[in-house]
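>>> heads up, no residue letters with this:
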């Protein structure tokens, strides 16, 4: 039974829940997209650049190139995948059909497609609330536990589309295999989603003093799936080369090159004891003169970094060049560039 | 099982940090900023619509907000309230700068209403209720009204609201409580 307080809060949410005209949204989108196209982030004048000096140890900062995730409110559910750009389209456009579906408590979760190579497994997952519960405003499903013959995959990264209405969304989930690189061949994949998450804006905070109230809540499953997938084992290169600028060295330890993704593992070394630097800003990876776009950086406390590209190579042999233009430690940056060149047989 | 990292490579991070991770990425990546924009354009519009007299004014200020955010993005650092508080501080300043502050809450008559398909008599009844609610909000102090706009139009948490208006969590919660109590005195909901 709703209380007067509940109804007041609902009325307030309702009062302000106006929807702009589609034309207004279109104008806004166009204006911001235009700005973005002409935007040059971190111009030379804007960047604060410093020489290497002792300083406070920085925390880990994760960077990535995210994708536009755009969806029309009334679009076809599967059509939402076509709005996923950058690396997020890999599970759909480069993957294979899985099309396994499971219904738990009215929530249908479907693994539509999957992609696997030496570096990662990527899943395209859709979720629908078939009961269309009142109050639901958004839904997502990509918290996965993935295992195969070699063990459990580690958490990778993922994305959820804007909702298709309130009751459906598509998701992508990337997982890192227990064994790297994943060898070529067929693997049996077990996927479990222990829960999905639902945003319900009809439930106001228990009282006005509630701290940290979150309209998202978990809905327990599990939803489980088993399927086989062929892996592109790619090529693994261990150049172990290093280059140094102003006493700071960048070392590339391993490159795993598959047809759709290249994974580069590197380490920044040197500096004052207790300091830790990480690659920063634009990083360029070239293979035989072709630029591979870096879409994620994963940085760890020990200064190691893993770069992943959007796009891979069919033949990894030939000349590779990796250019790090800047490194960062907290608010301090050091300009290189560090250029690492090696040839793969 | 931990929540998966979201858009961050192998960093472990809860999904609640999506905006923060996008903001860090957006310092140098226009695509990440584009995603931040898509996620929050409606909330920013609704907040600014609550502060302006026309939808056109809200549209213009929403654009100005994101343009200013884009210009400031390379300097963004995670701080109290996170990127949402940062974004709504920009929106609030844009509204103040525009001189379009008004003392009353708009009725949104010029904006598409998601309940437009409801029967006409029901709409009339709801319009009357809404007018009463708007009048109750008008009786609030400017700071109370600001907190209400940030809570119910922008859907920020008390912590985020506090970071926008420069108050502690506790002070913000008291502010919201007093604002709701005042509205309740002037707005009767029929059971």
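Done, it's in. Remember, it's a predicted structure, so these values are computed and weren't measured experimentally.
>>> Which positions in stretch A:327-337 come out as buried?
Residues of stretch A:327-337 classed as buried by neighbour count (16 or more other Cβ atoms under 10 Å in any protein chain shown): A:327-329, A:332-336. Every residue, glycine included, has its C-beta placed from N, CA and C.
>>> quick one: average pLDDT of that stretch?
The average pLDDT for stretch A:327-337 rounds to 79.
>>> cool, stretch B:74-93 as well?
Stretch B:74-93 comes out at a mean pLDDT of 83.
>>> Kindly report the same for stretch A:127-147.
87.
>>> For that stretch, list every residue counted as buried.
A:127-129, A:133, A:136-146.
>>> do the same with stretch A:166-184
Within stretch A:166-184, the residues that qualify as buried are A:166-177, A:180-182, counting by 16+ other Cβ under 10 Å.
>>> What residues are recorded as beta-bridge partners of residue A:252?
Listed beta-bridge partners, residue A:252: residue A:241, residue A:266 (assigned using DSSP bridges).
>>> Report how many residues lie close to it.
For residue A:252, the tally of surrounding residues (other Cβ atoms under 10 Å in any protein chain shown) stands at 24.
>>> The buried residues of stretch A:166-184: which two are farthest apart?
Largest separation among these by Cβ to Cβ: A:166 and A:181, giving 40.9 Å.
>>> circling back to that earlier point, filter the buried residues of stretch A:166-184 down to the ones in strands?
A:168-176 (DSSP state E).
>>> TSV please, covering those and showing pLDDT and distance to residue A:254.
Listed next are those as TSV, based on pLDDT from 0 to 100; distance: Cβ to Cβ, whole Å:
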residue	pLDDT	distance to residue A:254
A:168	87	40
A:169	85	35
A:170	85	33
A:171	84	29
A:172	83	25
A:173	84	24
A:174	81	19
A:175	86	19
A:176	87	14
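>>> any chance of those residues in TSV, with distance to chain B too?
Conversion of those to TSV gives the following (distance: Cβ to the nearest Cβ, whole Å):
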residue	distance to chain B
A:168	17
A:169	13
A:170	15
A:171	10
A:172	10
A:173	7
A:174	9
A:175	8
A:176	6
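>>> Closest one to residue B:56 out of these, please.
Closest approach between those and residue B:56, by Cβ to Cβ: residue A:169, at 31.5 Å.
>>> Break chain A into its domains for me.
A:77-231, A:235-344 (automatic domain parsing).
>>> Adding distance to residue B:142, write these out as JSON lines.
As requested, these are arranged in JSON lines below (distance: least, Cβ to Cβ, whole Å):
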{"stretch": "domain A:77-231", "distance to residue B:142": "19"}
{"stretch": "domain A:235-344", "distance to residue B:142": "36"}
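>>> Now do the contacts for residue A:260.
Residues in contact with residue A:260 (Cβ atoms under 8 Å, 6 or more residues apart in numbering or on different chains) are A:90, A:94, A:115, A:117, A:232, A:311-312.
>>> 10 Å - rerun?
Residue A:260 sits next to A:87, A:90, A:93-95, A:115-117, A:119-120, A:122, A:232, A:234, A:309-314 when contact means Cβ atoms under 10 Å, 6 or more residues apart in numbering or on different chains.
>>> Filter those residues down to the buried ones.
Among the contacts of residue A:260, those classed as buried by 16+ other Cβ under 10 Å are A:87, A:90, A:94-95, A:115-117, A:119-120, A:122, A:232, A:234, A:309-313.
>>> from memory residue B:84 sits against residue B:40, does it?
Yes - using Cβ atoms under 10 Å, residue B:84 is in contact with residue B:40, at 7.2 Å.
>>> for the residue positioned nearest the centre of chain B, phi and psi?
Closest residue to the average C-alpha location of chain B: residue B:154 at 1.9 Å, with Cα atoms, centre = their mean. For residue B:154, the backbone dihedrals (degrees, to the nearest 10) come out as phi -80, psi -20.
>>> Which helix or strand contains the closest residue to it other than its chain neighbours?
What sits nearest to residue B:154 in space, not counting adjacent residues and going by Cβ to Cβ, 6 or more residues apart in numbering or on different chains, is residue B:47, at 4.1 Å. Assessed by DSSP states H and E, residue B:47 sits inside helix B:30-51.
>>> Next secondary structure element downstream of that helix?
Per DSSP H and E, the first helix or strand lying C-terminal to helix B:30-51 is helix B:55-72.
>>> Does chain A have contacts with the next helix-or-strand element following that following helix?
Note on helix B:55-72: by DSSP H and E, the next helix or strand toward the C-terminus is helix B:82-98. No - Helix B:82-98 does not reach chain A (Cβ under 10 Å from any Cβ of the partner chain); its nearest approach is 12.3 Å.
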